[in-house]
Every structure is written in C-alpha cells, then in structure tokens.
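> one predicted model, sequence on top.
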Amino acid sequence: MKIVVTVKQVPDPNATLTLEGDNTISREKEVVLDPGDECGVEEGLQLKEAHGGEVILVSMGPERAKDAIRKGLSMGADRGVLVTDASLAGADALLTARVLAAAIKPESPDLVICATESYDGSTGMVPPMLAELLGVPQLTFAKKVEIDGSSVKVHRQTADGYEVLEASTPALVTVTAAIAEPRYASLKGIMAARSKEIKQVTAADLGIEKGEPAEVIEGVVDAEARKAGEVIEDDGTAVDRIVQVLSGAKVL
Amino acid sequence: MAAILVYGELNQGKLTSTSLELMAKARELGDVYGVALGTGAKAAAETMGKHGAKVVHVNEDNVFDDYLAEPATDAVASLYEKEKPDLILFGFTPDSREVAGRLAARLSTGLISNAGDVVAKDGGFVAKVPYFGGAKVASMKANGKPAIVLVRPKSFEASESGGTAEVKQVDVSIADGSRRSRIAERVTEASEKVKLEDARIVISGGRGMGGPQNFPLLEDLADALGGAVGASRAVVDAGWVPYSMQVGQTGKSVRPGVYIAVGISGAMQHTVGMKTSKVIIAINKDAEAPIMKMADLGVVGDALKIVPALTAAVKKKKNG
C-alpha cells in the first residue's frame, strides 16, 4: 500500500510569535514538525507495518522545511517530496491544496493522511480541498483507521461520540492526535534518514501558477482586549474571594 | 441587493443553532436565501423562513444523511450555478467546513474561515478574523466569486424576523461517484449532564491539572455549581479527556455567565472560544500566564488545593 502523509513545518508552539512588516506571521522561528503531523506519520508507519508498502512525506515550504521531512524520515518514512518556491510564500488554503494535489497525484497513493488541522493555522481547510482536487472521498477526524484490502474504515470523532465511516481507496483521511502516540526516532533511524531521498520541486515543475489570492488582508487592528482584572496570590483566602465573585455574577 | 446564501447545517435531522445565527447576519447583508439538505430539510426551511429567508432550497434525499460532504457539495455547487449568490455563509463547524472546503476547491474560489464578523464593503465582503494569537483582528477581503465565509459559532445572536420562505426543490442527482464516504453507524458515547455550549458556568482544565486523574475535582465543582466541564486543546491532544470537551478555535465556543479556567495558560487557540464569557476566573500557578491578563479574577496558586476547597465552600453556601 502506498501512503502519502502531508507534513508541515510550523513555528514552535512554545515560541512567541512576531509579525512581519506586511502583517504576515514571521516564519523565522519555524523549527518543528507540526505535532499533529507527527501523529499522521505515526499512523502511516503503523499501517505500513501491518499491510506493507511505502510511506511518502509531502510538504510545501521554504528549503528549511526539509528538517521537518527529515524528522518524519527518521521516524521511519521512506522518502520525501518538498515543494519549495519563493512565489508560494504566504499561500492561502486553496493554493496550498492545489500545490499539494499536484505533488501527490503522480504518486497515485492508496491513502493520503493529513492532520485534522495545523498547529499554527488551526483552520483545517486544506484537507477537504485536497480531497476534492485529488478526486477522492474524505474520512475525517479519525481517532481510529482500519484498512481491509481496498476498503478503509475510520472512527470519526463527533461532539457526543463517533461515526463509523467507510470508503474504498484511494481516499484521504484526517487524523486527530488521539490516533497514535508518535514514536521517538531511534539513533539508527536518524542515521538512516540522512541518506533517504527528499525530492525538491518548484511550482513550475508542477505546472502551478499562483493566480490571484482568494483573500487579501486589508488591515490589522488590535482586538478588543478584555481588561486584566484583579490578580491575587492564594494565601488561603482566595476561595472566599472566588465565592464572592460567583455570588456577584448571580450564579451562586 | 446582494444575494446571500446560508448553508443550513442539519445534525441528525435538526437545524443547528449556528445556522440561525448566520441568518441574523445575512439579513444585514442582503437578500437571504437558504439551503437545507437531508432528512428534516423542509422543517428547517420553515424555521429559516421565520428567520428571514426569502427562499430555501431543499432536498430531503437521505443520501445527504448517509454520505459525508460530497453529496452536499454537489447540491450546493449546482445551486450556485443556477442562482449565483454573491456570498455563501457556512458555520465554522466540523461538518460545514468539510462541505465548504470541497465547494471552494470545486468552484476554484477561495474561502475565509474562522470569521467573527462579515461586513459589506465596496460591493464585496470583508470578514473579520482573529489574528496573531487573537491579539489582533485582520480585515480580509474576499476576492472570489462567490465569496465563501465560515463564521465561528456564537458570533451573532439568532432572532426571528417573521416571514415565510418559499420552499424550492434542489434538483440534483447524486452520482455514485459522490456516494463514497459512507456513514455506516453513529455511536453516542458522552452523556453530558449539562451541555457545554449551553452551560451558565463552565469549568475548564488544562495541563496545570497535572493529569487526567485530577479531572474529577473539576466534575465535583461543576456538579456543585450546576455547570459543565471543558478542557484546553493541550489536554485533549494528550488524551486526558475526549475531544467533545475541547473549548477553543476548533473545539466548542462558549459564552457562559462565568468561565473558570483552571491550569490553562490561555493560548489563542483556547481563548478565542471563551473570551466573550461574562466573567472569567483563572486559577494558575503562573502569575504571568496570558489568561491572567484577561481574567476578571486571577488566582495565583495550586489548583489541586483551591478547587476542592472551592467545591466545599460552594456546597456550604448552597446548603446554608
């Protein structure tokens, strides 16, 4: 079975964000493989271990996004594809999906695995767009994936439980962090990753023209901030103060 | 007048409250049309009429109940070709974003997600989107035709405006090619005592709770106050509690009378889902945590000591 996992390099969730002059978020601190994607890579590896095949990591980003792919390769993925092109900087969801679709199509995978959403954008719009552009069904919010021959079954997390979704491959699956605990790369894995192939392609290689952006940032203003209220150290009387506030809010 | 199409999301035959919130905004922006698909669509159309839709396009075929996203995408795309609305509004919810994403790709138009507001400007639409950790708000102009905007739940107040919608059938035949991602079974796991979205008091826990074994402390407090328990994405990701408890950008949006954040630092992902709460109380070891800068009352201390003491104090006050 051929499995593509989409991966993204994101600002370290523990770092402080800064803004560039053009109001885009600075990528200078972009240093980690998206934690959600680590779960996707792990699920891809487990499916490969159970059913055989190949795990290919596909990413779009600046050249240093190779580090994120390399991380996945050191976990055990077989090879990577990185679409890197200055013209793609600041790509919106649709352009990102078009680029990923063009990079994934030649691989003809049985399964495409994406994280439900990225850690930095957190909007989850790319996977359904990608499924549409690849012409495959989407099975989303998976906390469990089962493959049986050419059929794929997932447990889709819902607000009050889950749904069982079924489809035939090829298909696109989005996974939640509950899917699998990502493995640590072994020293052997890290060494092996150094010689694994990361194919680098440009937008032109894929026949992608940027076109008009779907949306334009017209301006950025400070959000209406809540004012900081009273901050107290708990010296044993904090509970009394909380009870007062609860009474004041008429919930107690 | 601009033509606004509202996607009426049905959840097991029932129109979602978010769909009605969108109706309230759509009325400000132009002539309102609706679309409702699957079992219950006609009843939904009637409700959408009371909320200001002139026409609601319906189709009660159960293919919309049984298959994820693709049949609905086919129907809305076909409707778009006939009616050419200027703007299509979706709720920023798990089910609607699946349809909106496929639709935007099929129509080669973009979309704007996670919007908190939409305004008409220069014959087009500008969406207000939380940005940069929620500290800022970006005004994003939609260039695509149609403009597609996904609005966060609880951004607007739903209200009836009176009226009756003309109900029209969406004539679309769903090809086998779109009957692919089949919903074979629906399983209910959580039996929420008080629904998180509707609770007057929400008590949410984060990493500062130390582990899943301490969440019952929050349950006890919630029971004493008649509230519901929520959680940050960090602890949901860590597998401490189920996703249904997540409050935040991609979890649930809540607007209770009192929100108590326990051991939650206050990342944007979380605060965007709770910052319109009337009163916010934060309990955290770290006086510098971002949540302290937005709380009406911030308590610096050990949550594992304060929460049980608070539960006891609440019970005592209620009983006497």
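Perfect, thanks for sending it.
> tally of neighbours for B:Ala282?
For B:Ala282, the count of nearby residues is 27 (other Cβ atoms under 10 Å in any protein chain shown). Quick note: C-beta positions are derived from backbone N, CA and C, even for glycine.
> element containing it?
Following DSSP states H and E, one finds B:Ala282 within strand B:279-284.
> tell me the gap between that strand and the middle of its chain.
23 Å (Cα atoms, centre = their mean, to the nearest Å).
> give me the sheet partners of that strand and which way each runs.
strand B:258-262 (parallel), strand B:297-300 (parallel) (DSSP bridges).
> which one of those strands lies nearest to B:Met209?
strand B:258-262 (6.4 Å; Cβ to Cβ).
> re the thing from before, alpha carbons only: can I get the strand holding B:Ala282 in CSV?
Below are the C-alpha coordinates for strand B:279-284, written out as CSV (Å, rounded to 0.1, in the frame of the first residue of the first chain):
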residue,chain,number,x,y,z
VAL,B,279,-17.0,36.8,34.0
ILE,B,280,-13.7,34.9,33.7
ILE,B,281,-11.9,33.5,36.7
ALA,B,282,-8.4,32.0,36.3
ILE,B,283,-6.6,29.7,38.7
ASN,B,284,-3.0,29.2,37.7
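> that older thread, make a markdown table from the strands paired with strand B:279-284 and add mean neighbour count, mean pLDDT and distance to B:Ala69 to it.
Shown next, in a markdown table, are the strands paired with strand B:279-284 (neighbours: other Cβ atoms under 10 Å in any protein chain shown; pLDDT from 0 to 100; distance: least, Cβ to Cβ, whole Å):
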| stretch | mean neighbour count | mean pLDDT | distance to B:Ala69 |
| --- | --- | --- | --- |
| strand B:258-262 | 29 | 97 | 33 |
| strand B:297-300 | 23 | 96 | 42 |
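> for chain B, give me its nearest residue in the stretch 51-200 of chain A.
Across the stretch 51-200 of chain A, the shortest distance to chain B (Cβ to the nearest Cβ) belongs to A:Pro128, at 2.9 Å.
> does the spatially closest residue to that residue that is not a sequence neighbour lie in a helix or a strand, and which?
Once flanking residues are discounted, A:Pro128 sits nearest to B:Gly101: 2.9 Å by Cβ to Cβ, 6 or more residues apart in numbering or on different chains. Secondary structure from DSSP H and E places B:Gly101 in helix B:94-106.
> if you average pLDDT over the helix or strand following that helix, what comes out?
The first helix or strand that comes after helix B:94-106 along the chain, using DSSP H and E, is strand B:112-115. Average pLDDT, strand B:112-115: 93.
> neighbouring strands of strand B:112-115 in the sheet, and parallel or not?
If you go by DSSP bridges, strand B:112-115 pairs up with strand B:147-151 (parallel).
> A:Cys114 versus the residue in chain A that chain B sits nearest to, what's the distance?
Relative to chain B, the nearest point of chain A is A:Ala214 (1.6 Å; Cβ to the nearest Cβ). Distance of A:Ala214 to A:Cys114, computed by Cβ to Cβ, to the nearest Å: 20 Å.
> so for A:Ser151, what's the nearest residue that isn't a sequence neighbour?
Nearest non-adjacent residue to A:Ser151, counting by Cβ to Cβ, 6+ apart: A:Ser168, 5.7 Å away.
> pull the contacting residues for that neighbour.
Contacts for A:Ser168 (Cβ atoms under 8 Å, 6 or more residues apart in numbering or on different chains) come out as A:137, A:150-152, B:180.
> want to throw these into JSON lines with secondary structure, distance to B:Ala142 and neighbour count?
Converted to JSON lines, these look like this (DSSP: H, G, I helix; E, B strand; the rest coil; distance: Cβ to Cβ, whole Å; neighbours: other Cβ atoms under 10 Å in any protein chain shown):
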{"residue": "A:Pro137", "secondary structure": "coil", "distance to B:Ala142": "28", "neighbour count": "26"}
{"residue": "A:Ser150", "secondary structure": "coil", "distance to B:Ala142": "39", "neighbour count": "12"}
{"residue": "A:Ser151", "secondary structure": "strand", "distance to B:Ala142": "39", "neighbour count": "12"}
{"residue": "A:Val152", "secondary structure": "strand", "distance to B:Ala142": "35", "neighbour count": "25"}
{"residue": "B:Arg180", "secondary structure": "coil", "distance to B:Ala142": "30", "neighbour count": "21"}
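> returning to what we had before: which element, helix or strand, includes the residue of the stretch 51-200 of chain A closest to chain B?
Judged by DSSP H and E, A:Pro128 forms part of helix A:126-134.
> buried sites along the next helix or strand after that helix?
Remark: after helix A:126-134, the chain's next helix or strand is strand A:138-148, criterion DSSP H and E. For strand A:138-148, burial by neighbour count (16 or more other Cβ atoms under 10 Å in any protein chain shown) applies to A:138-145, A:147.
> near chain B, which of these show up?
By Cβ under 8 Å from any Cβ of the partner chain, the members of the buried residues of strand A:138-148 lying near chain B are A:138-141, A:143.
> rewinding a little: kindly reformat the strands paired with strand B:279-284 as a markdown table containing distance to B:Met268.
Formatted as a markdown table, these follow (distance: least, Cβ to Cβ, whole Å):
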| stretch | distance to B:Met268 |
| --- | --- |
| strand B:258-262 | 14 |
| strand B:297-300 | 18 |
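> helices along the stretch 101-250 of chain B, start to end?
Taking DSSP state H, counting those that start in this stretch as the criterion, the stretch 101-250 of chain B carries its helices at B:215-225, B:233-237.
> out of those helices, which one sits most buried?
Across the helices of the stretch 101-250 of chain B, averaging neighbours per residue (mean count of other Cβ atoms under 10 Å in any protein chain shown) puts helix B:233-237 on top, at a mean of 22.
> which residues are contacting that helix?
Residues from elsewhere that reach helix B:233-237 (Cβ under 8 Å, 6+ apart): A:35, A:177-178, B:205-207, B:209, B:212, B:241-243, B:245-246, B:248, B:250-251, B:267, B:269-270.
> just the buried residues of those.
Of those, these count as buried by 16+ other Cβ under 10 Å: A:177-178, B:205-206, B:209, B:241-243, B:245-246, B:248, B:250-251, B:267, B:269-270.
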